[in-house]
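# Fold the following and give me the result.
(chains A and B)
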2 protein chains.
Amino acid sequence: MARWEPGARQRLVRAAVELFTEQGYDATTVSQIADRAGVTKSTFFRHFPDKRELLVAGQETLCRLLADGVADAPESAGPMAAVAAGLERASTFMGPENRELGPQIQAAVAASVELQERDALKTVGLAAALTEALVARGVPEMAAHLSGELGVLAFKRGFARWSEADDDGPGLAHYALAALDELRAASRALD
Amino acid sequence: MARWEPGARQRLVRAAVELFTEQGYDATTVSQIADRAGVTKSTFFRHFPDKRELLVAGQETLCRLLADGVADAPESAGPMAAVAAGLERASTFMGPENRELGPQIQAAVAASVELQERDALKTVGLAAALTEALVARGVPEMAAHLSGELGVLAFKRGFARWSEADDDGPGLAHYALAALDELRAASRALD
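Here you go, the predicted model:
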């Protein structure tokens, strides 16, 4: 058997989400997840430290892509344009599997305070990645922080709409950038 | 002995923060916290479900005050003015003890992923309380969400500055409202 079964990681996430949906997060064990995915428990632990981390899989990659997109934006780009570049880059990481599992993952998170905490920290991490990348471009700290928060809101809203949309519609980037535009328009009209 | 020792709650928070600072969050037990505060373990558990909840004590009260302030703002107030009213109301809850312990609590949070998760969920809760109260006033959902996020950023920034400031300076409300103004100015100048 190969040390890294191809697709094991994705099968584990899918199996976990199914089990969380069927019987709840608390009642689901790592053994059950591994069984359902057709791998051993030790394969599980090669991919994830525990069942909780399954649901925020890819956080580090997302942070890196967001930051890289911001860093690579043209020098002339303002904070919002740089955030848009980060969202476009991060969107390339999310495929049909993410789109399909998204609503089930959200349902599992909504049903478990433990997962809500982990999910909230993931959100903080994504905003921090954007903020840091903007500060590194010379954006003043307050504007960078604000742009980072707007970027994360747009990514989450865009993801939700993408998940609800038609299979053969545009990709995540389209929805995330549209949400960023809407948030920016709402922010101009706030007072 | 009275069932609710006066000041026990505050003594427990202070004892916990001291112990977290001295020996770390993981190494600190509920028994040690109760001992240091001069109360029994069962008194601890009358006030808090576990050592983790100590550091987000008051979250529900803060949410309620934020929401009440927004609800009671004049009908003519836009979302930002309503958020400002919420921040003013919530600030009344924070006294010299909170101001003094704030930096130590932040240090404990910074040193523990477990506490960071709980703290992140608290932030989500505060933003949700503001957002819901704004939606109840008829603010469109996107603007309400954005204003809620700005409000929480302002509260956190205001709190940090208040904690660093002179003892006999202005109260938290002053710093929170100033931070809200700055965030609003930064948001106008984003593109």
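# so where's chain A uncertain?
Where chain A drops to pLDDT under 70, the residues are A:1-6.
# what's the domain layout of it?
A:8-53, A:57-188 (automatic domain parsing).
# Ends of the last one, what's the gap?
From the first residue to the last, domain A:57-188 extends over 35 Å; the measure is Cα to Cα, to the nearest Å.
# for stretch A:74-82, which positions count as buried?
A:77-82 (16 or more other Cβ atoms under 10 Å in any protein chain shown). All C-beta spots, glycine's among them, are computed from the backbone N, C-alpha and C.
# repeat for stretch A:174-191
A:174-177, A:179-180, A:182-184, A:186-187, A:190.
# now that stretch, how far from the centre of its chain.
The chain centroid and the centroid of stretch A:174-191 are separated by 19 Å, computed with Cα atoms, centre = their mean, to the nearest Å.
# Stretch A:89-107 now?
On Cα atoms, centre = their mean, the centre of stretch A:89-107 falls 7 Å from the chain's centre.
# Quick check: residues of chain A near chain B?
Within chain A, the positions lying close to chain B (Cβ under 8 Å from any Cβ of the partner chain) are A:78-81, A:113, A:116-118, A:120-121, A:123-124, A:140, A:142-143, A:145-147, A:149-150, A:153, A:182-184, A:186-191.
# Kindly recompute the last result at 7 Å.
A:78-80, A:116-118, A:120-121, A:124, A:142-143, A:145-147, A:149, A:153, A:182-183, A:186-187, A:189-191 (Cβ under 7 Å from any Cβ of the partner chain).
# As CSV, the buried residues of stretch A:174-191 with distance to residue B:21 and secondary structure would be great.
As requested, the buried residues of stretch A:174-191 are exported to CSV (distance: Cβ to Cβ, whole Å; DSSP: H, G, I helix; E, B strand; the rest coil):
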residue, distance to residue B:21, secondary structure
A:174, 48, helix
A:175, 45, helix
A:176, 41, helix
A:177, 45, helix
A:179, 41, helix
A:180, 41, helix
A:182, 44, helix
A:183, 39, helix
A:184, 42, helix
A:186, 41, helix
A:187, 39, helix
A:190, 39, coil
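# what's the closest of the domains of chain A to residue B:56?
domain A:57-188 (10.7 Å; Cβ to Cβ).
# now the helices for chain A?
Ranges of helices in chain A, per DSSP state H, are A:8-23, A:30-37, A:41-47, A:51-54, A:59-72, A:79-91, A:96-110, A:113-136, A:141-164, A:172-188.
# Pick the most buried one from these.
The highest mean neighbour count among the helices of chain A, using mean count of other Cβ atoms under 10 Å in any protein chain shown, belongs to helix A:79-91: a mean of 24.
# could I get that helix in PDB with only the CA atoms?
Taking Å, rounded to 0.1, in the frame of the first residue of the first chain, the C-alpha atoms of helix A:79-91 are listed here in PDB:
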ATOM      1  CA  PRO A  79      -6.200  48.000  -0.900                       C
ATOM      2  CA  MET A  80      -9.500  46.900  -2.300                       C
ATOM      3  CA  ALA A  81      -8.000  45.900  -5.700                       C
ATOM      4  CA  ALA A  82      -5.200  44.000  -3.800                       C
ATOM      5  CA  VAL A  83      -7.800  42.200  -1.700                       C
ATOM      6  CA  ALA A  84      -9.700  41.300  -4.900                       C
ATOM      7  CA  ALA A  85      -6.500  39.800  -6.300                       C
ATOM      8  CA  GLY A  86      -6.100  37.800  -3.100                       C
ATOM      9  CA  LEU A  87      -9.700  36.500  -3.400                       C
ATOM     10  CA  GLU A  88      -9.100  35.500  -7.000                       C
ATOM     11  CA  ARG A  89      -6.000  33.600  -6.100                       C
ATOM     12  CA  ALA A  90      -7.600  31.800  -3.100                       C
ATOM     13  CA  SER A  91     -10.600  30.900  -5.200                       C
END
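# Compute the inter-axis angle for that helix and helix A:141-164.
With axes from the mean of the first three to the mean of the last three Cα atoms, to 10 degrees as the basis, helix A:79-91 and helix A:141-164 are set at 40 degrees to each other.
# other SSEs contacting helix A:79-91?
On a contact count with 3 or more Cβ pairs under 7 Å, 6 or more residues apart in numbering or on different chains; DSSP states H and E, helix A:79-91 meets helix A:59-72, helix A:113-136, helix A:141-164, helix A:172-188.
# redo that, cut-off 6 Å
helix A:59-72, helix A:141-164, helix A:172-188 (3 or more Cβ pairs under 6 Å, 6 or more residues apart in numbering or on different chains; DSSP states H and E).
# Distance to residue A:94 added to the buried residues of stretch A:74-82, as CSV?
Below are those laid out as CSV (distance: Cβ to Cβ, whole Å):
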residue, distance to residue A:94
A:77, 23
A:78, 25
A:79, 23
A:80, 21
A:81, 21
A:82, 20
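# Could you report the distance from the residue nearest to residue A:129 when sequence neighbours are not counted to residue A:70?
If the residues on either side of it in the chain are set aside, residue A:129 comes closest to residue A:63, at 3.8 Å by Cβ to Cβ, 6 or more residues apart in numbering or on different chains. Using Cβ to Cβ, to the nearest Å, residue A:63 is found at 11 Å from residue A:70.
# Same check on residue A:43?
In terms of Cβ to Cβ, residue A:43 sits 35 Å off from residue A:70.
# Also residue A:178?
Applying Cβ to Cβ to residue A:178 and residue A:70 gives a distance of 19 Å.
# ditto for residue A:55
25 Å.
# ditto for residue A:44
34 Å.
# Ok, residue A:160 next?
22 Å.
# Check residue A:149 too.
Taking Cβ to Cβ, one finds residue A:149 at 14 Å from residue A:70.
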